[in-house]
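Undergrad: next input, structure requested:
(2 chains)
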2 protein chains.
Amino acid sequence: MAILVTGGLGYIGSHTVVELLNNGFEVVIVDDLSNSEKFILKNIEEVAGKKPVFYPFDLKRKELLTQVFEAHQIDGCINFAASKAVGESQIKPVDYYENNLFSLINILQEFKSREISNFIFSSSCTVYGQADQMPINENTPLKMPESVYGKTKQMGEEILIDFAKAYSRKISLLRYFNPIGAHPSAKLGELPIGIPNNLVPYVMQTAAGIREKLSIWGNDYPTEDGTAVRDYIYVVDLAKAHVAALKRLMNEQSDEAMIDIYNLGTGKGSSVLEVVKAFETANNVEVPYQICDRREGDITVAYANVDKAEKELGWKSETSLEEALRTVWEWQKYLDSRTV
Amino acid sequence: MAILVTGGLGYIGSHTVVELLNNGFEVVIVDDLSNSEKFILKNIEEVAGKKPVFYPFDLKRKELLTQVFEAHQIDGCINFAASKAVGESQIKPVDYYENNLFSLINILQEFKSREISNFIFSSSCTVYGQADQMPINENTPLKMPESVYGKTKQMGEEILIDFAKAYSRKISLLRYFNPIGAHPSAKLGELPIGIPNNLVPYVMQTAAGIREKLSIWGNDYPTEDGTAVRDYIYVVDLAKAHVAALKRLMNEQSDEAMIDIYNLGTGKGSSVLEVVKAFETANNVEVPYQICDRREGDITVAYANVDKAEKELGWKSETSLEEALRTVWEWQKYLDSRTV
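TA: Down below sits the predicted model:
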């Protein structure tokens, strides 16, 4: 029995593959390397001491996907494969809809025809938009996201819920808040491909001198220090939540549809300035920054109520912001050592 | 310069192809015949006196679609191709998402890379759900539709709006109310494939003795006679609206994005019982019926405000309910004559 992990060489995917291997699962990775590199596979093997199976192809290639399902006894899927840059999604919407919807639907066709259950979907807190109340729990009303990226996530959730209901399958929608950090081994982390889209990789590259200054988009938000507040969740903690969610689906003996939805965050909001300061303190480095105008579409505050995940998955975030940010700096040093 | 009409052998598609040919457009049809038959092509040619080009394939076959764009100078598309049975969509959701989204996105990829504009999308009043106010105008808030079919329409609209904005293209979203009727020639109409999903084909088959009794789903709605109220638009009038919408897009000289949205209906609501009575009167036949319980998901009332289409397209419905229902009966006689 193997778990298919799509996008398994990506940032959250690679950490989750390690946790799955550590928990005795066989893992089959499909990843087209569009946002990763081959050495991540080698590093996963070093860190976990076990080898996942790896297929390098684009999930839009349905016939290749079918071959994977024919070659392996797939018992579940964690679907990380997706284009994920919010800004890019606005200028390349058709590619985003194609990449994110075709890959999902192609896998569901295989699940449907082979009677496979246990599907875990990488969703995002972006499905809540700017929620009216904090913290955000799983019953907070969804709002049509502003970005195409966010819409592909919300559409993916809808498609999966309809799939689960129609065919009595078990699914888990995991709504990530803001994943940060790298593996304690410093061999896995968020790869610096292109200009970073997220705060922490940008902070990391600025501290390393790769970027001159960090741009902070707005310090006039109605928050304590005026900068936007997010819920930063350590990637290894996040990876563990996937294993817990998978086990919960697999342990459910009922033949009925099961639709799990969890917010995955720390439950605590941190401002951009707090993250910068924490990074400086944790790593004893300086992060030069400049305050810029607000960025269109950015929300003010988002942090999770994580009671449901704790109660039903027995999972919670265990790693402090500073600890997580230390792993980021170790990862940067590892990247430096590779390029020397 | 040719117009690609997907699903051009289908019910609304075939009528629209005739109107396009009558207006001097060259037409390239792609239709996989999943919900039509080859004789419709011959009948289109007889009615219009001109031949459209026809390709029989499924739009999910991207490489065949690319060949069509290579073989013809496509200047616009009217996209009818879609799975459209509401009930079936609930039990086969993955197929519905696949059919309706892949076909749309595959065409948009061709449009994008070839700098083609002028895309007309078959949407539906289902995107409004049970609206709070009647009549429904184009600014009435959208509600997440209950059915998978409806969701594919709402997602299609979102995808097209993002497409138009990102690439500065011209699109028209046509929200049909309830299309009825057949061509005055009696050579085109809604083909009776499987059990009818809609009222009028069921009425037609009941009058013809193919079905024993019409089931009316609920007579305890808060309407005048207790049966649900819809806005029935004659299919030839509807087809003409497509030509008007296409001309409007093509006449717009600006290079900016253009997003037209129109309700296409008569502006008048008719109850199920009114339709049955009108059919009986128009055709001097009897339609036996029985009152059943309400059907889950059915809304009470939906009819359109059609001022915007009249003002911007110079279009309005011209055919009365009775006239439209007379063409239905002529169509049934034609179908009978074919099977004798």
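Undergrad: domain map for chain A?
TA: A:2-180+A:233-264, A:182-230+A:267-305+A:318-337 (the TED database).
Undergrad: so what's the model's average confidence on the longest one?
TA: The predicted model gives domain A:2-180+A:233-264 an average pLDDT of 97.
Undergrad: OK, contacts around A:Q73?
TA: A:M1, A:A2 (C-beta atoms under 8 Å, 6 or more residues apart in numbering or on different chains). For glycine as for every other residue, the C-beta is placed from the backbone atoms N, C-alpha and C.
Undergrad: just name the most buried of the domains of chain A.
TA: Across the domains of chain A, the average number of neighbours (mean count of other C-beta atoms under 10 Å in any protein chain shown) peaks for domain A:2-180+A:233-264, which reaches a mean of 20.
Undergrad: kindly check the end-to-end length of it for me.
TA: 24 Å (C-alpha to C-alpha, to the nearest Å).
Undergrad: what's the answer for stretch A:184-191, then?
TA: End residues of stretch A:184-191 are separated by 15 Å (C-alpha to C-alpha).
Undergrad: what about it, distance to the chain center?
TA: 15 Å (C-alpha atoms, centre = their mean, to the nearest Å).
Undergrad: quick one: mean pLDDT over it.
TA: Mean predicted lDDT for stretch A:184-191 stands at 97.
Undergrad: other residues contacting it?
TA: A:11, A:14-15, A:18, A:35-37, A:40, A:43-44, A:46-47, A:181-183, A:198, A:200-201, A:235-236, A:327-328, A:330-331, A:333-335.
Undergrad: inside helices: which ones of these?
TA: Judged by DSSP state H, the contacts of stretch A:184-191 include A:11, A:14-15, A:18, A:40, A:43-44, A:46-47, A:200-201, A:235-236, A:327-328, A:330-331, A:333-335 as members of helices.
Undergrad: what ranges do the helices span in chain A?
TA: A:11-22, A:39-48, A:62-71, A:86-91, A:93-97, A:103-114, A:148-167, A:199-207, A:235-251, A:272-283, A:307-313, A:321-339.
Undergrad: how close does A:N139 sit to A:I159?
TA: Counting by C-beta to C-beta, to the nearest Å, the separation of A:N139 from A:I159 is 21 Å.
Undergrad: what of A:K333?
TA: For A:K333 relative to A:I159 (C-beta to C-beta), the value is 41 Å.
Undergrad: before we move on, the earlier item: now the helices of chain A as a markdown table including distance to chain B?
TA: Formatted as a markdown table, the helices of chain A follow (distance: least, C-beta to the nearest C-beta, whole Å):
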| stretch | distance to chain B |
| --- | --- |
| helix A:11-22 | 23 |
| helix A:39-48 | 29 |
| helix A:62-71 | 9 |
| helix A:86-91 | 6 |
| helix A:93-97 | 4 |
| helix A:103-114 | 5 |
| helix A:148-167 | 4 |
| helix A:199-207 | 25 |
| helix A:235-251 | 18 |
| helix A:272-283 | 28 |
| helix A:307-313 | 22 |
| helix A:321-339 | 33 |
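Undergrad: can I get the ones you listed in TSV with distance to A:P222?
TA: Formatted as TSV, the helices of chain A follow (distance: least, C-beta to C-beta, whole Å):
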stretch	distance to A:P222
helix A:11-22	31
helix A:39-48	40
helix A:62-71	47
helix A:86-91	22
helix A:93-97	31
helix A:103-114	37
helix A:148-167	23
helix A:199-207	19
helix A:235-251	28
helix A:272-283	14
helix A:307-313	26
helix A:321-339	22
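Undergrad: and of those, who's closest to A:C77?
TA: Nearest of these to A:C77, taken as C-beta to C-beta: helix A:103-114 at 5.9 Å.
Undergrad: which elements pack onto the closest one?
TA: strand A:2-6, helix A:62-71, strand A:74-79, strand A:119-124, helix A:148-167, helix B:93-97 (3 or more C-beta pairs under 8 Å, 6 or more residues apart in numbering or on different chains; DSSP states H and E).
Undergrad: just for the stretch 201-340 of chain A, where's the confidence low?
TA: A:340 (pLDDT under 70).
Undergrad: in it, which residue sits closest to chain B?
TA: A:A257 (11.9 Å; C-beta to the nearest C-beta).
Undergrad: and the closest residue to A:Q154 other than its chain neighbours, what does it touch?
TA: Closest residue in space to A:Q154, ignoring its immediate chain neighbours: A:V127 at 4.9 Å, by C-beta to C-beta, 6 or more residues apart in numbering or on different chains. Residues near A:V127 by C-beta under 8 Å, 6+ apart: A:L142, A:K143, A:P145, A:G150, A:K153, A:Q154, A:E157, A:R175.
Undergrad: please report the distance of the first one from B:Y221.
TA: A:L142 sits 30 Å away from B:Y221 when distances are taken as C-beta to C-beta.
Undergrad: contacts only, for the nearest residue to A:P222 once chain neighbours are set aside.
TA: Nearest non-adjacent residue to A:P222, counting by C-beta to C-beta, 6+ apart: A:T300, 6.4 Å away. Counting by C-beta under 8 Å, 6+ apart, A:T300 touches A:Q130, A:Y221, A:P222, A:T223, A:A228, A:V229.
Undergrad: repeat that for 7 Å
TA: Contacts for A:T300 were tallied using C-beta atoms under 7 Å, 6 or more residues apart in numbering or on different chains; they are A:Q130, A:Y221, A:P222, A:T223, A:A228.
Undergrad: is it correct that the fourth one is in contact with A:I299?
TA: No - counting by C-beta atoms under 7 Å, no contact exists between A:T223 and A:I299, whose distance comes to 11.2 Å.
Undergrad: which other residues reach stretch A:44-55?
TA: A:8, A:14, A:17-18, A:21-22, A:27-30, A:41, A:68, A:183, A:185, A:187-188.
Undergrad: swap the cut-off to 6 Å and go again
TA: For stretch A:44-55, the surrounding residues in contact (C-beta atoms under 6 Å, 6 or more residues apart in numbering or on different chains) are A:S14, A:V17, A:V18, A:L21, A:V27, A:V28, A:I29, A:V30, A:L41, A:V68, A:S185, A:K187.
Undergrad: any figure for the gap between A:L188 and chain B?
TA: 33 Å (C-beta to the nearest C-beta, to the nearest Å).
Undergrad: what sits closest to that residue if chain neighbours are left out?
TA: According to C-beta to C-beta, 6+ apart, the nearest residue to A:L188 is A:S14 (4.9 Å).
Undergrad: my guess is that neighbour contacts A:L41. True?
TA: No - when contacts are counted by C-beta atoms under 6 Å, A:S14 is not listed as touching A:L41 (8.4 Å).
Undergrad: partner residues bridging the closest residue to A:T206 other than its chain neighbours?
TA: Residue nearest to A:T206 in three dimensions, not counting chain neighbours: A:L214, with 4.5 Å by C-beta to C-beta, 6+ apart. Counting by DSSP bridges, A:L214 forms beta bridges with A:Y289.
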